[in-house]
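>>> heads up, no residue letters with this:
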């Protein structure tokens, strides 16, 4: 008999996972405690922008013409408990207010709400990013609260989604990590992921703490690589070097590789910054804080990039922002997403605004979310409208649309043709040929 799957929490991770499980052929029931979100998903609509997700959702949501009908949604934990053989917990683990540590309250609430309805052998699978040691504690909590007792088992299966590529990352993962305490949990996860395993995705079995450490370790390594090249950009600024050529040269070393070596205004989003800080906090609780002290500098370098961009902008407009018009191209923390959480682009825009600049922002997908976070900024409907009358233009999110802009056409509407490339993604020669003064981070002479 085919497994039935539930997904608890239908945000970015959960909505993607639920749709992907239906695509793999399972009957899926998604749960969220927010009725408005459930109503939206039942219409085949997603509450965020992610390429391909809405199309995937509409292929499977029950009640939509032409769909498989394999995917439904509910607000009832009782229904979820009765339906599912495997329950994926995909709720958020934000940073605690005023602290570095991870807020586990959403995960704990989900487990507490689900457990009383687990009356038969079942597997609960945590996908949320949690502090190491959480899974062992939650496994005991689950066994004590579930009517099925120890037959309600736990596995930890961290997610490795890249915003903009989440659908492909779920259907064709580059690895599947299974933190388990017994053979049955491993067998069930192998059944769930049979299709990607058959396609060649590595299935790596380990204990709970190691599985929890995989995601935080991976994010910390990526953050370190980004901050390393940004630190080199600072040195290049001081030494008149070119960080883009530097990155190209060291990237040819196969031990280093060229990914995550584009210098710019740093990383943001809902994962890397808070996971980095939560990892440091947890290491301190375990008495291993000295092992991760370098991550404080990684975080510091990252935040410093934003301030440096503000300083370069101030210099570009003559030393002060009062009365100056600044156009910002980009609001999301990365392209192909509408996510503005901890966005370096919005942070820079906000700092300049607070210092007296007249800031106008344009982003292909993140405008609505940006307005909620920074309602006092001005927003334009197009890039051309954003740069109209600008004394300087900042390129802060590397959308393809921005790389394909016509510099000559934009030069006709700005007050001064000056552009600062905060992502080292534009063609400097093309912009200069159109009459622009072009400046990029880590490339003072390029």
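Noted; the coordinates are in hand. Computed from a prediction, not measured in an experiment: that's the story for all the values here.
>>> tell me which strands and helices the longest helix along the chain is in contact with?
The helix that spans the most residues within the chain, counting by DSSP state H, is helix 208-239. The contact analysis (3 or more CB pairs under 8 Å, 6 or more residues apart in numbering; DSSP states H and E) places helix 208-239 against helix 134-145, strand 152-156, strand 176-179, helix 243-251, helix 272-285, helix 294-316. (C-beta placed from N, C-alpha, C; glycine too.)
>>> Identify, out of those, the most deeply packed stretch.
Ranked by mean neighbour count, the helices and strands packed on helix 208-239 are led by strand 152-156 with a mean of 26 (mean count of other CB atoms under 10 Å).
>>> Using TSV, lay out the helices and strands packed on helix 208-239 together with distance to residue 367 and mean pLDDT.
Converted to TSV, the helices and strands packed on helix 208-239 look like this (distance: least, CB to CB, whole Å; pLDDT from 0 to 100):
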stretch	distance to residue 367	mean pLDDT
helix 134-145	36	97
strand 152-156	37	98
strand 176-179	36	98
helix 243-251	30	97
helix 272-285	22	94
helix 294-316	20	96
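>>> So for residue 115, which of these sits nearest?
In terms of CB to CB, the element of those nearest to residue 115 is helix 134-145, at 3.7 Å.
>>> Sticking with residue 79, tell me its helix or strand.
According to DSSP states H and E, residue 79 maps onto helix 77-83.
>>> and that helix, average pLDDT?
With pLDDT averaged residue by residue, helix 77-83 scores 97.
>>> Check which residues of it are buried.
Buried residues in helix 77-83, counted by 16 or more other CB atoms under 10 Å: 77, 80, 81, 83.
>>> Could you dump the helices and strands packed on helix 208-239 into CSV with distance to residue 362 added?
Output for these, formatted as CSV (distance: least, CB to CB, whole Å):
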stretch, distance to residue 362
helix 134-145, 41
strand 152-156, 41
strand 176-179, 39
helix 243-251, 25
helix 272-285, 24
helix 294-316, 16
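>>> looking at these, which is closest to residue 378?
helix 294-316 (16.0 Å).
>>> if we can go back for a sec, which residues are contacting the helix holding residue 79?
4, 6, 8, 29, 31, 74, 87, 113-114, 116-119 (CB atoms under 8 Å, 6 or more residues apart in numbering).
>>> Could you look up the next helix or strand downstream of it?
strand 86-89.
>>> That following strand: how far from the chain's middle?
Taking CA atoms, centre = their mean, to the nearest Å, the mean C-alpha location of strand 86-89 is offset from the chain mean by 21 Å.
>>> Now do that strand: everything it contacts.
3-9, 14, 17, 21, 80, 107, 110-111, 114, 122-128, 157, 188, 192.
>>> Those residues in strands, which ones?
4, 5, 6, 7, 8, 122, 123, 124, 125, 126 (DSSP state E).
>>> Please pick the buried ones from those residues.
Once neighbours are counted (16+ other CB under 10 Å), the buried part of the ones in strands among the contacts of strand 86-89 comes down to 5, 6, 7, 8, 122, 123, 124, 125, 126.
>>> Surely the fourth one touches residue 14?
Yes. Under the contact definition of CB atoms under 8 Å, residue 8 touches residue 14, with a separation of 7.1 Å.
>>> shared neighbours of the two, anything?
Common neighbours of residue 8 and residue 14 (CB under 8 Å, 6+ apart) are 30, 32, 88, 90, 91.
>>> Can you lay out the residues you listed as CSV showing neighbour count, pLDDT and distance to residue 401?
CSV is the format used below for these (neighbours: other CB atoms under 10 Å; pLDDT from 0 to 100; distance: CB to CB, whole Å):
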residue, neighbour count, pLDDT, distance to residue 401
30, 30, 98, 32
32, 23, 96, 32
88, 27, 98, 35
90, 26, 97, 31
91, 24, 96, 33
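>>> Those residues: which two are farthest apart?
It's 32 and 88 that sit farthest apart of the shared contacts of residue 8 and residue 14, by CB to CB, at 12.9 Å.
>>> list the residues that contact both of the two?
Contacts common to residue 32 and residue 88, judged by CB under 8 Å, 6+ apart, are 8, 14.
>>> okay, now residue 217: neighbour count?
Neighbour count for residue 217, taken as other CB atoms under 10 Å: 14.
>>> Also residue 400?
10.
>>> now do residue 109
Residue 109 is flanked by 12 other residues according to other CB under 10 Å.
>>> residue contacts, it?
residue 91.
>>> From residue 9, how far out is it?
10 Å (CB to CB, to the nearest Å).
>>> Give the residues shared as contacts by these two.
Joint contacts of residue 109 and residue 9 (CB under 8 Å, 6+ apart) are residue 91.
>>> ok now do residue 390, which residues does it touch?
So residue 390 contacts 325, 326, 327, 360, 414, 415, 416 (CB under 8 Å, 6+ apart).
>>> And the furthest pair within these?
360 and 416 (14.6 Å).
>>> circling back: now pLDDT and distance to residue 430 too, for the ones in strands among the contacts of strand 86-89, in a markdown table please.
Formatted as a markdown table, the ones in strands among the contacts of strand 86-89 follow (pLDDT from 0 to 100; distance: CB to CB, whole Å):
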| residue | pLDDT | distance to residue 430 |
| --- | --- | --- |
| 4 | 98 | 55 |
| 5 | 98 | 49 |
| 6 | 98 | 51 |
| 7 | 98 | 46 |
| 8 | 98 | 49 |
| 122 | 97 | 58 |
| 123 | 98 | 55 |
| 124 | 98 | 54 |
| 125 | 98 | 49 |
| 126 | 98 | 48 |
